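Asks: Test case, fold it:
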Amino acid sequence: MDPLHSSEFRATDVGEAEAHLRARYGSLALSDAPLAFGERVRADSEFALVEHDYAGRFSIGGELDVLSVGLPVRGARYDWTIGDESGRGTGRPVLFQPGQRFTTEVDHVTMRATTFDVAALARHAGALFAVDGVRIRFASARPRSGAIGRLWASLVEFAVERDDPAYVLLHASVRGALTRLLLEAFPLVDPPTARRASSLSRWLGYRRAVDFIDDHASLPITLADIAAAAGLAELELAAAFRLHAPGGVSALGLLRLARLDAARDDLRSADPATTSLDEIARRWGFVSAERFGGHFRAAFGVDPTEVLRRA
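Replies: Numbers count the residues shown, from 1 in each chain. Reported below is the predicted structural model:
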């Protein structure tokens, strides 16, 4: 698994800002206007959470090398044209695809974006549908509905606030959730049909998934990784777990239980004077101490703070 990294960049010169954007994102051009530009990135090789601050009034256009969903969260003006589509305003996600020409008109905008490696996205789509050679090309820059757009916006806002390069499992959970939502929120040009599995294939896939989870729970694996290891589409994987898992626990539920067990070991060996519950929760991929505590109590019948105090 690739390590995470974070970076920051600031510029008050248009040429310097343009050179940075071209090096990171593709063939772009900024209009020559007064500008203060800031960028914050948290990323691995497949996925990045990005914050851009454009303190100026200018235009930007060109083509991207990466697939990106931009979310202008506030600003005086944000107008965009991508292919034969156009829109304006903040608070709604906009999809930019590699090789597709676009222009934007920006006036003091704060942008929160996600970028995806297309090859990695195709692998995840292959795991989702259990088919090879999925073509990642979207039919529209807009999400399917306003409700899905709002869901995307809320998840990105949460991810930017909580994600941290120090917590690789949490980052992987964010990456997996946004990857699945991307494939559902924006319509594909050629959507594949999920391959159906036989009863025997479901059973064998279930066993492969359980073994994979047992061996890799400490690593930043996602549902797509589990489905790929099982050789099943995600819907078929869910059906296999409903049929064969004790109590009908899901694949992600089993992964959560494995991580809860590891977190319990950490709590037992931690120094309560120097270790917080939130630190252990995020280390094992949980978004908050409150959410971690609820799952921990349901699994073990005791509050994790009690386990930490007894350490």
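
Asks: max-length strand in the protein?
Replies: strand 47-64 (DSSP state E).

Asks: what does the average pLDDT come to for whichever helix or strand comes after that strand?
Replies: Later in the chain than strand 47-64, the nearest helix or strand by DSSP states H and E is strand 67-82. The average pLDDT within strand 67-82 is 96.

Asks: Only C-alpha atoms, please: export strand 67-82 in CSV.
Replies: Extracted C-alpha coordinates of strand 67-82, given in CSV (Å, rounded to 0.1, in the frame of the first residue of the first chain):
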residue,chain,number,x,y,z
LEU,A,67,-10.2,12.9,-13.2
SER,A,68,-11.4,15.4,-10.6
VAL,A,69,-14.6,16.4,-9.0
GLY,A,70,-14.5,20.0,-7.9
LEU,A,71,-16.8,21.4,-5.1
PRO,A,72,-16.8,25.2,-4.9
VAL,A,73,-17.9,25.7,-1.3
ARG,A,74,-18.0,29.5,-1.3
GLY,A,75,-17.2,32.4,-3.5
ALA,A,76,-18.5,35.5,-5.3
ARG,A,77,-18.6,33.8,-8.7
TYR,A,78,-18.0,30.3,-10.1
ASP,A,79,-19.0,29.7,-13.7
TRP,A,80,-18.0,26.6,-15.7
THR,A,81,-18.2,25.2,-19.2
ILE,A,82,-17.2,21.6,-19.9
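
Asks: now for that strand, which elements pack on it?
Replies: strand 47-64, strand 85-88, strand 94-96, strand 102-116, helix 146-162 (3 or more CB pairs under 8 Å, 6 or more residues apart in numbering; DSSP states H and E). Yep, even glycine has a C-beta here, placed from its N, CA and C like the rest.

Asks: let's see 6 Å
Replies: strand 94-96, strand 102-116 (3 or more CB pairs under 6 Å, 6 or more residues apart in numbering; DSSP states H and E).

Asks: angle of it against strand 47-64?
Replies: Here strand 67-82 runs at an angle of 40 degrees relative to strand 47-64 (axes from the mean of the first three to the mean of the last three CA atoms, to 10 degrees).

Asks: buried sites along strand 67-82?
Replies: Neighbour-count burial for strand 67-82, with 16 or more other CB atoms under 10 Å as criterion, is recorded at 67-73, 75, 78, 80-82.

Asks: for stretch 157-172, same thing?
Replies: Per 16+ other CB under 10 Å, stretch 157-172 contains these buried residues: 159-160, 163, 165, 167-172.

Asks: Include pLDDT when you put those residues into a markdown table, please.
Replies: Formatted as a markdown table, the buried residues of stretch 157-172 follow (pLDDT from 0 to 100):
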| residue | pLDDT |
| --- | --- |
| 159 | 85 |
| 160 | 81 |
| 163 | 67 |
| 165 | 69 |
| 167 | 83 |
| 168 | 85 |
| 169 | 88 |
| 170 | 85 |
| 171 | 84 |
| 172 | 86 |
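
Asks: Just put the residues you listed in TSV and tack on distance to residue 36.
Replies: Output for these, formatted as TSV (distance: CB to CB, whole Å):
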residue	distance to residue 36
159	25
160	20
163	25
165	25
167	31
168	32
169	35
170	31
171	29
172	33
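
Asks: Out of those, which is nearest to residue 54?
Replies: Closest approach between the buried residues of stretch 157-172 and residue 54, by CB to CB: residue 160, at 16.5 Å.

Asks: wouldn't that closest one be in contact with residue 113 here?
Replies: No - using CB atoms under 6 Å as the test, residue 160 is too far from residue 113 to be in contact (9.7 Å).

Asks: Check the gap between residue 102 and residue 28 for me.
Replies: Distance of residue 102 to residue 28, given as CB to CB, to the nearest Å: 9 Å.

Asks: nope, residue 182 is what I meant
Replies: Taken as CB to CB, the span from residue 182 to residue 28 is 22 Å.

Asks: for residue 233, same thing?
Replies: Residue 233 is 37 Å from residue 28, by CB to CB.

Asks: quick one: which of the two has more around it?
Replies: Set side by side, residue 233 and residue 28 show more neighbours around residue 233, with 23 against 20, by other CB atoms under 10 Å.
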